[in-house]
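**Student:** Have a look at this fold, sequence not included:
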DNA sequence: CGGTATTGTGTACACCGTCCACATAAATTT
DNA sequence: AAATTTATGTGGACGGTGTACACAATACCG
């Protein structure tokens, strides 16, 4: 017999869509158990392929992880955009701007709590710092999470809620606060908070950011 | 011959102080390259001992990592206390309280930038959530970093800078902001900032927290 | 149709954490 | 002081990991 061993479960020698399947498996592992769970051999196992096959599509395990990380960032961007889409186009620009910034924060925190594995993966620190797949980590708007926050702050300036002089760098301050709370909620002392309590403290935090930025 | 092989480099069969040496080696690895670098076999290698010897002092690699994490938290607490000690005991309580909160934030950020490996290790998420070595992670004051922040906020209330009603949970908000900025600075987009620029944005962040908390 | 580039396979290596049985030395009991 | 128990380090093994290298099978292109 020419073919036996384990279980080919695939008639053709070529897989056809291995890259995508490997990435999908990686994302699934990350979702279930965070970045450390993205192990190359398990990914290939799920794709029904030998471990080394992955090296035809990813330079290393770290390269695969980077791809998964981009996907996680894209998912976060989509979650934020979904929250932004719920903002009703009211009359007063100030209120709309406020609602949008709030939506960014809420989307961020919601995602962290709903998908902690992906969230941690999105912010894992990989070997080489610079990113090439810039647009693999964006949502429908073409903006990544950080840029979505920046856009919301721009509207704050337009609405007169934030002095133009204070705009540069403001996204770092706002992002710090929201991201910090997210890590507290998924890994830190606020781990056991339920959704309601999270929303409450999230609101307080966003209030602090709004009041404090100006 | 009874003894040969590699190099015992130790005459006595017993080591004498292995637990401490293993922990020290683990801390050194964490300092140099973060939590993932705390690998059990390397730690024992540095102690001149066979890998399994570690299991007489730590239940697992994760247990060792937890000990290193406690040490890292203690180091952070010490850094904060050092900054607090520089606060001059001025006349006005309000000014002192402000300076102390500022010192906590600055100590936190300084430590993150000066010892990124230890900082990341201090906040690594380990398997079992609860901590037993509660006082292995404190500074000279007996307080851990989080509690030091809480104490600073208490003084804020005493000084009338923070309404009593807003005190509960305030440490979560302040901590979120500072910790978020720290991660931005060591792993995120602000990675390349020099000390001066870090101090500047740190000041802005702390200003936001002060203004926003009230 | 025949050569060539692409993609998956097989084998092998070094490293990791951890289990088990065993050896040695210190502590304790007799 | 001798005997026994307990603490600590050793040796060897197993299954897991990432990845390098040579090879095989297919798709593609002239």
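**Tutor:** Yep, it's here. Every value quoted in this text rests on a predicted model; they were computed, and no experiment measured them. Residues are numbered from 1 along each chain as shown, chains lettered A, B, ... in the order given.

**Student:** just for chain A, where's the confidence low?
**Tutor:** A:1-9, A:11, A:13, A:128-132 (pLDDT under 70).

**Student:** Going by neighbour count, which residues of the longest helix seen in it are buried?
**Tutor:** Among the elements of chain A assigned as helix by DSSP state H, the one spanning the most residues is helix A:61-85. Counting neighbours by 16 or more other C-beta atoms under 10 Å in any protein chain shown, one finds that the buried residues in helix A:61-85 are A:61, A:63-81, A:83-84. No exception for glycine: its C-beta is placed from N, CA and C like everyone else's.

**Student:** quick one: is that helix near DNA strand D?
**Tutor:** Yes: remark: helix A:61-85 sits within contact range of DNA strand D at A:61, A:62, by C-beta under 7 Å from any atom of the strand.

**Student:** end-to-end on stretch A:164-171?
**Tutor:** End-to-end distance of stretch A:164-171: 13 Å, with C-alpha to C-alpha, to the nearest Å as the criterion.

**Student:** That one: how far from the chain's middle?
**Tutor:** Taking C-alpha atoms, centre = their mean, to the nearest Å, the mean C-alpha location of stretch A:164-171 is offset from the chain mean by 24 Å.

**Student:** What about chain B: which of the buried residues of helix A:61-85 touch it?
**Tutor:** Counting by C-beta under 8 Å from any C-beta of the partner chain, nothing from these sits close to chain B.

**Student:** hmm, the longest helix of chain A in reach of DNA strand C?
**Tutor:** No: Helix A:61-85 stays clear of DNA strand C (C-beta under 7 Å from any atom of the strand), getting no nearer than 12.4 Å.

**Student:** That helix packs against which elements?
**Tutor:** Other helices and strands packing on helix A:61-85, by 3 or more C-beta pairs under 8 Å, 6 or more residues apart in numbering or on different chains; DSSP states H and E, are helix A:18-33, helix A:40-46, helix A:93-114, helix A:116-122, helix A:145-158.

**Student:** nearest to residue B:125, of those helices?
**Tutor:** Closest approach to residue B:125 among the helices and strands packed on helix A:61-85 (C-beta to C-beta): helix A:116-122, 8.1 Å.

**Student:** Name the surrounding residues that touch the closest one.
**Tutor:** Outside helix A:116-122, the residues that touch it by C-beta atoms under 8 Å, 6 or more residues apart in numbering or on different chains are A:27, A:30-35, A:37-38, A:65, A:68-69, A:72-73, A:75-76, A:111-112, A:182, A:186-187.

**Student:** Now with 6 Å, please.
**Tutor:** Applying C-beta atoms under 6 Å, 6 or more residues apart in numbering or on different chains, the contact partners of helix A:116-122 are A:30-35, A:68-69, A:72-73, A:75-76, A:112, A:186.

**Student:** again with stretch A:144-151
**Tutor:** Where contact means C-beta under 6 Å, 6+ apart, the residues beyond stretch A:144-151 that reach it are A:73, A:76, A:77, A:80, A:104, A:137, A:138, A:171, A:175.

**Student:** Mind putting those into TSV with distance to residue B:44?
**Tutor:** Compiled in TSV, the contacts of stretch A:144-151 are given as follows (distance: C-beta to C-beta, whole Å):
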residue	distance to residue B:44
A:73	38
A:76	40
A:77	44
A:80	46
A:104	48
A:137	40
A:138	46
A:171	46
A:175	41
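
**Student:** Could you list the residues of chain A in contact with chain B?
**Tutor:** Taking C-beta under 6 Å from any C-beta of the partner chain as the contact definition, chain A meets chain B at A:125, A:173, A:176-177, A:179-181, A:184, A:187, A:205, A:208, A:211-213.

**Student:** Is it possible to get a markdown table of those residues that adds secondary structure, neighbour count and distance to DNA strand C?
**Tutor:** Listed next are these as a markdown table, based on DSSP: H, G, I helix; E, B strand; the rest coil; neighbours: other C-beta atoms under 10 Å in any protein chain shown; distance: C-beta to the nearest atom of the strand, whole Å:
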| residue | secondary structure | neighbour count | distance to DNA strand C |
| --- | --- | --- | --- |
| A:125 | coil | 16 | 19 |
| A:173 | helix | 25 | 38 |
| A:176 | helix | 28 | 33 |
| A:177 | helix | 29 | 35 |
| A:179 | helix | 26 | 29 |
| A:180 | helix | 25 | 30 |
| A:181 | helix | 29 | 32 |
| A:184 | helix | 23 | 27 |
| A:187 | coil | 19 | 20 |
| A:205 | helix | 26 | 37 |
| A:208 | helix | 24 | 41 |
| A:211 | helix | 13 | 47 |
| A:212 | helix | 23 | 43 |
| A:213 | helix | 23 | 44 |
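
**Student:** among those residues, which two are most distant?
**Tutor:** Most distant of the residues of chain A next to chain B, by C-beta to C-beta, are A:125 and A:211, 31.7 Å apart.

**Student:** Kindly indicate whether residue A:143 is helix, strand or coil.
**Tutor:** Going by DSSP: H, G, I helix; E, B strand; the rest coil, the secondary structure assigned to residue A:143 is coil.

**Student:** sorry, back to before: among the helices and strands packed on helix A:61-85, which is the most enclosed?
**Tutor:** helix A:116-122 (a mean of 24; mean count of other C-beta atoms under 10 Å in any protein chain shown).

**Student:** Next to DNA strand D in this structure, residues from chain A, please.
**Tutor:** Going by C-beta under 7 Å from any atom of the strand, the residues of chain A near DNA strand D are A:2, A:12-14, A:39-42, A:51-52, A:55, A:60-62.

**Student:** element containing the nearest residue to residue A:156 once chain neighbours are set aside?
**Tutor:** Closest residue in space to residue A:156, ignoring its immediate chain neighbours: residue A:162 at 4.2 Å, by C-beta to C-beta, 6 or more residues apart in numbering or on different chains. Assigning secondary structure by DSSP states H and E places residue A:162 outside every helix and strand.

**Student:** Please report the distance of residue A:162 from residue A:154.
**Tutor:** Per C-beta to C-beta, to the nearest Å, residue A:162 is found 9 Å from residue A:154.

**Student:** Which neighbours do those two have in common?
**Tutor:** Common neighbours of residue A:162 and residue A:154, counting by C-beta under 6 Å, 6+ apart, are absent.

**Student:** Residue A:195: how many residues sit nearby?
**Tutor:** Using other C-beta atoms under 10 Å in any protein chain shown, the number of residues around residue A:195 comes to 10.
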